[in-house]
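> this is a predicted model, with the sequence first.
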Amino acid sequence: MLAAAEERFSHVGRNSAVMAVGTTSSRLLGFVRTAIFALIVADTASMNAFTQANNLPTTIYSIIATGVVTGILIPQIAKAMKQKDGGIDFINRLLTLSLLVVVVVTVVCTVGAPWLINVVVSSKADYNVPGYLHLAILLGYWCMPQILFYGLYAVLGQVLNARGHFTAYAWSPAWANIIQIAGLIWFWFQWGYQPDPAKWSTSMIVVLGASTTLGIAVQGLSLIWPLYKDGFRFKLRFGWRGYGFGDVSRMTMWTFTGVIIGALQSLLISRIANSMGASGEGYASNGTMQYASTLYILPISLIMVSIVTALYPAMANAWRAGDNDKMKDLVRQGLITPAVLVIPSSIAIIGLGAPLIHSLFGSGVNVGNIWLVTAAYCVGVWANAITTLKQRYYFAKQNGRLNFLLVLVPIVIQLAVAGGALLWVPAKYGVAFIAGGQSLGSIVAAGLFLWLVQREMGGYGFGNIAWLWAKVGVASVLAAGAGWGVVWLIDFADVTRMLALCQFFAGAVVFCFVFWGASAIMRVTEVTAMVHSVLARVLRRQVAAAEPIEDAQLPEQVDLVQTRVLDVLSEMPQSGPTPPPQPWLQYRQPKPPPQPWLLQTRPAPPPPAHEPTPPPQPWLQPRQPPQPWAKPAPRSGDAEPPVG
C-alpha cells in the first residue's frame with residue numbers, strides 16, 4: 001500500500017491538474033449558484049439573513065479543518081503507513097478522535113444556534129428589520145449540521161490524499177454546488193423573488209435550508225466509496241494513550257492558536273475598514289475588501305493550493321524517510337511550477353481589473369475603489385502563495401511552533417499598517433493601505449521562510465529560482481501594459497456590463513500573446529514548454545522524446561508550428577506513467593499461404609554409418625622450388641661440427 005501511494009505521489013503534475021480542474025469547476029458552479037440566488041433575494045435583508053446563517057458553520061469548519069485536521073492528519077497517516085499493519089489501527093484511532101471532535105462541535109453549535117446567530121447579526125444594519133432575526137435563526141438550525149459533513153469531507157479527504165488519491169476530493173464540492181443549484185431552481189419556480197424576511201413560510205425555509213445542507217452532506221459522504229474502493233475499512237477505535245498522540249496534541253495546539261489569532265485579526269481589520277468607510281460618501285469599506293478578496297485569492301486557490309495539496313503527502317513521506325534531497329526537490333517544485341501561472345495571473349488582475357470587476361459585480365459597485373484595493377492585494381499574491389507552501393512544509397515536518405511564529409509576522413505587520421493608516425492616511429485610501437499591509441507582511445514572511453529553508457536543508461538553487469521569478473514578472477508587466485492599452489482603446493463613456501466583459505476578454509487575449517512572446521525572448525523555458533505542451537495536446541500530436549528530433553527528419557507536410565512543438569517537446573523531460581502497450585498499432589507480418597510444391601515428396605536417405613577415408617591425392621599438394629642457399633638439416637647420428 002505504501003509503495004503504491006508513493007508511486008502516485010510522484011505524478012505531481014497530474015495530481016495538481018486534477019485538483020485545479022476540480023477546483024475551477026466548483027468555482028464556476030459557485031458563480032452560477034450565486035447568480036440564481038441573486039434572482040431570489042438579490043441584495044436584501046433575506047439575503048443577509050441566509051448569508052449569516054450559512055457562513056457561520058463554514059467559518060467554524062475552516063477553524064477546525066485548518067487547526068485540527070489539515071495540520072495533523074496527513075503527517076500522522078504518512079508515519080503510520082510504515083508500520084507492519086500499514087497503520088490501519090493508528091489511522092482508525094486518529095479518525096475516531098477527529099470525527100468525535102467534529103460531532104461534539106456540531107451538536108454544541110446546533111443547540112446554541114440562536115445565541116450564535118444573535119451574536120453574529122447583532123451589529124448588522126438589518127438587525128431591526130421585521131422577521132430578519134427569526135429567519136436567520138431558523139435557517140441557522142438547518143445549516144449548522146453542515147459542520148459534521150464539512151468535517152467528514154476534510155477528514156476523509158486527507159486520508160484519500162495521504163493514499164495518493166486526489167480526484168474524488170477535488171470534485172466532491174462540484175456535486176454540492178449542483179444539488180444546491182437544483183434546490184434554488186426549485187425555489188425560484190415555486191415562490192420567485194422573496195426580499196421580505198417576514199413573508200418567508202416554513203416551506204421556503206425547509207427547501208432552501210435542506211437543499212443547502214444536503215449538498216454539503218453529499219460532498220462529505222461521496223468520499224466513502226473511493227476509500228472503500230481503495231481497500232480502506234474504517235472501524236471505531238477508542239483509547240489514545242500510548243499511541244503517540246502527544247505529538248498530535250502539541251501540533252494541534254500551535255496550529256489552532258494561530259488560527260484563532262488570525263480570526264481575531266480579521267475581525268479587528270474589518271472593524272477598522274468599516275470605520276474608514278463610514279468617514280465619507282463613496283469611501284472604501286469592509287465590503288470593498290470582501291469584493292477584492294474574491295478576486296486576488298483566485299490564483300492562490302485555483303493554482304497554488306492545487307499544487308501544494310498534491311505535494312503535501314509526498315513532503316510528509318520524504319520527511320519521515322529522512323530523504324533531504326527529495327524534500328529539496330519538492331520545495332523547488334512548489335516554488336517553480338506555480339510561479340509561471342500565479343505571477344502572471346496576479347499582474348493580469350491588476351492590468352485588467354477594471355473591466356473584470358465591472359463585468360462580475362455590475363455597475364452598482366465603486367469599480368475604482370475595488371480595483372485599488374485589489375491591486376494592493378495582488379502585489380503580494382505570490383508571497384502569499386509561498387506562505388501556503390510554508391504552512392504545508394512545516395505541517396509535513398510537524399513543526400507547529402515555527403509555523404506559528406511565521407504566521408504572526410504578517411498579522412503583526414498588517415495590524416501595524418492598519419493602525420498607521422487609521423491615524424495618518426486619508427480615510428479614502430485607508431483600506432488600500434490595509435491591503436498593502438497584508439502584502440508587505442506576506443513578503444516578509446515568505447522571505448523568512450525561504451531563508452529558514454536554506455538553513456535547514458542547505459542550498460536548493462534559490463538563485464536560479466529568483467531569476468526565473470524576475471523574468472516571469474517582467475514578461476507579466478509588459479503583457480499587462482499591452483492588455484490595459486487594449487482596454488483603454490475600446491473604452492467608452494457609458495460602459496455596459498457586456499461591453500466590460502468584451503474589454504476583459506480582448507485584453508486577456510493580448511495579455512496571453514504578449515506574455516508568451518516576452519517569455520520566449522527572455523528564454524523562460526518553463527513558460528514556453530507549458531504553452532507548447534498545451535498546443536501539442538490541441539493538435540493531438542503524440543511525440544516520443546527518447547532523443548531530440550532533427551528538422552531534417554520531419555516530413556515536409558508538417559507545418560512550422562507543429563515543427564516547433566516537436567522540437568521543444570523532444571527536449572522536455574518526460575514524466576508520468578508509461579502508456580499501456582497498444583498491440584493493435586504494431587505491424588505483424590502475415591503468414592504466407594501454403595506452398596506444397598516446395599515440400600519434399602521423398603524422404604532424404606539416411607547418412608552412412610561410416611564415412612570412407614578418401615585416397616591420397618599427391619597432385620593436389622603444392623611443390624616448393626629448390627632452395628640451394630638453405631643449409632640441409634643434419635641427420636640423426638651425425639656429429640656436430642667443432643666450434644672455432
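Perfect, thanks for sending it. None of the values given here were measured: they were computed from a predicted structure.
> pull out the buried positions in stretch 444-452.
Neighbour counts using 16 or more other Cβ atoms under 10 Å place 444, 445, 446, 448, 449, 450, 452 of stretch 444-452 among the buried residues. C-beta coordinates here come from the backbone N, C-alpha and C atoms, glycine included.
> which of these lies closest to residue 499?
residue 446 (38.3 Å; Cβ to Cβ).
> double-check that closest one against residue 383; I have them as touching.
Yes: contact criterion Cβ atoms under 8 Å: residue 446 and residue 383 qualify, at 4.1 Å.
> which parts of the protein belong to which domain?
Listed domain ranges for the chain are 1-239, 244-270+282-460 (source: automatic domain parsing).
> any idea which of these scores lowest on pLDDT?
For the domains of the chain, the weakest mean pLDDT is recorded on domain 1-239, namely a mean of 81.
> surely residue 441 is in contact with residue 414?
Yes: with contact defined as Cβ under 8 Å, residue 441 reaches residue 414; the gap is 4.9 Å.
> the nearest residue to residue 392 once chain neighbours are set aside: neighbouring residues, count only.
Leaving aside its sequence neighbours, residue 392 sits nearest to residue 312 (Cβ to Cβ, 6 or more residues apart in numbering; 4.5 Å). Residue 312 has 26 neighbours, counted by other Cβ atoms under 10 Å.
> what do you get for residue 338?
Other residues lying near residue 338 total 27 when counted by other Cβ under 10 Å.
> what's the separation between residue 37 and residue 373?
24 Å (Cβ to Cβ, to the nearest Å).
> those two: who's more crowded?
Using other Cβ under 10 Å as the criterion, residue 37 and residue 373 rank with residue 373 on top: 28 against 20.
> what sits against that one?
Applying Cβ atoms under 8 Å, 6 or more residues apart in numbering to residue 373 gives the contacts 284, 288, 289, 291, 292, 431, 432, 435.
> cool, and residue 352?
480, 483, 484, 487, 504, 507, 508, 511.
> so what's it closest to, chain neighbours aside?
Closest residue in space to residue 352, ignoring its immediate chain neighbours: residue 507 at 4.7 Å, by Cβ to Cβ, 6+ apart.
> for the helix or strand where the one you found lies, packing partners?
Secondary structure assignment for residue 507, by DSSP states H and E: helix 497-521. Applying 3 or more Cβ pairs under 8 Å, 6 or more residues apart in numbering; DSSP states H and E, we find helix 497-521 packed against helix 339-351, helix 353-361, helix 462-489, helix 525-538.
> can you pull the buried residues of it?
Going by 16+ other Cβ under 10 Å, helix 497-521 has these buried residues: 499-500, 503-504, 506-508, 510-511, 514-516, 518-519.
> nearest spatial neighbour of the most centrally placed residue in the chain, chain-adjacent residues omitted?
Geometric centre of the chain, nearest residue: residue 306, 0.8 Å, by Cα atoms, centre = their mean. Excluding the flanking residues, the one nearest residue 306 by Cβ to Cβ, 6+ apart is residue 19, at 3.5 Å.
> okay, now the unreliable bits of the stretch 451-600 of the chain?
Within the stretch 451-600 of the chain, the stretches with pLDDT under 70 are 492-494, 534, 537-600.
> how close does the residue lying closest to residue 441 once chain neighbours are set aside sit to residue 384?
Nearest non-adjacent residue to residue 441, counting by Cβ to Cβ, 6+ apart: residue 410, 2.9 Å away. Distance, residue 410 to residue 384, using Cβ to Cβ: 8 Å.
> shared neighbours, the two?
The contact sets of residue 410 and residue 384 overlap at 438, 442 (Cβ under 8 Å, 6+ apart).
> quick one, what contacts residue 386?
With contact set as Cβ under 8 Å, 6+ apart, residue 386 has these partners: 335, 442, 446, 449, 450.
> per-residue pLDDT of residue 603, please?
Here, the pLDDT recorded for residue 603 equals 54.
> also the one 5 residues further on?
Residue 608 carries a pLDDT score of 55 in this model.
> same question for the one 4 residues further on.
At residue 612 the predicted local confidence, pLDDT, stands at 57.
> so how far is the helix or strand where residue 58 lies from its chain's centroid?
Element membership of residue 58, judged by DSSP H and E, is helix 45-64. Centre-to-centre, helix 45-64 and its host chain are 25 Å apart (Cα atoms, centre = their mean, to the nearest Å).
> same deal with stretch 420-435?
Between the centre of stretch 420-435 and the centre of its host chain there is 34 Å, according to Cα atoms, centre = their mean.
> list the buried residues for that stretch?
Buried residues in stretch 420-435, counted by 16+ other Cβ under 10 Å: 421, 422, 425, 427, 428, 429, 430, 431, 432, 433, 434, 435.
> so what's the last one up against?
Residues in contact with residue 435, defined by Cβ under 8 Å, 6+ apart, are 289, 292, 373, 374, 376, 377.
> any chance of a markdown table for the residues you listed, columns distance to residue 406 and secondary structure?
Converted to a markdown table, these look like this (distance: Cβ to Cβ, whole Å; DSSP: H, G, I helix; E, B strand; the rest coil):
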| residue | distance to residue 406 | secondary structure |
| --- | --- | --- |
| 289 | 23 | helix |
| 292 | 24 | helix |
| 373 | 25 | helix |
| 374 | 25 | helix |
| 376 | 22 | helix |
| 377 | 20 | helix |
